[in-house]
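Enquirer: generate coordinates for the sequence data below:
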Amino acid sequence: MRDKFLSMAGLCKKAGKIVIGSELSVVAIKGGKAKLAVLAGDASKNSVKEIERACEQFNIKLIKLEYTKLETGAALGFNEVAAFTIVDHNFAKALINIWSEKAINGGIY
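Expert: This is a model prediction of the structure:
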């Protein structure tokens, strides 16, 4: 996998600093543990709505990926992942920086 964002997300998983799944992500956001929320591009409307609402309510940054659930899942060692949250400030900051860098460079690293 060459994508920096998904590679870093994989490192977050290895470090145990990630909550995977839409429902568990909402719990992490509402419980004050989440530092960053991430949605796959093809997440269900219900998942998107719930996570957007929780992020807005608890002032958590949300990144919406262009990657599918399959691509996101593959990076994290699962079949499909629609949503995940990062529960470590430093990892969240690193992912936000990678995402910002990608946006500035027009999606090209």
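Enquirer: low pLDDT regions in the protein?
Expert: Applying pLDDT under 70 to the chain flags the ranges 1-2, 103-109.
Enquirer: can you map out the strands along it?
Expert: Along the chain, counting by DSSP state E, strands occupy 18-20, 36-39, 61-64, 83-86.
Enquirer: most tightly surrounded among those strands?
Expert: Across the strands of the chain, averaging neighbours per residue (mean count of other C-beta atoms under 10 Å) puts strand 83-86 on top, at a mean of 29. In short, each C-beta sits where N, CA and C put it, glycine included.
Enquirer: what helices or strands is that strand leaning on?
Expert: Secondary-structure packing of strand 83-86 (3 or more C-beta pairs under 8 Å, 6 or more residues apart in numbering; DSSP states H and E): strand 18-20, helix 22-30, strand 36-39.
Enquirer: one step back: next, format the strands of the chain as JSON lines and append distance to T72.
Expert: As requested, the strands of the chain are exported to JSON lines (distance: least, C-beta to C-beta, whole Å):
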{"stretch": "strand 18-20", "distance to T72": "9"}
{"stretch": "strand 36-39", "distance to T72": "8"}
{"stretch": "strand 61-64", "distance to T72": "11"}
{"stretch": "strand 83-86", "distance to T72": "8"}
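Enquirer: for the chain, what's the longest helix?
Expert: Identified as the longest helix of the chain according to DSSP state H is helix 89-104.
Enquirer: who are the packing partners of it?
Expert: Helix 89-104 makes packing contacts with helix 4-15, strand 36-39, strand 61-64 when contacts are defined by 3+ C-beta pairs under 8 Å, 6+ apart.
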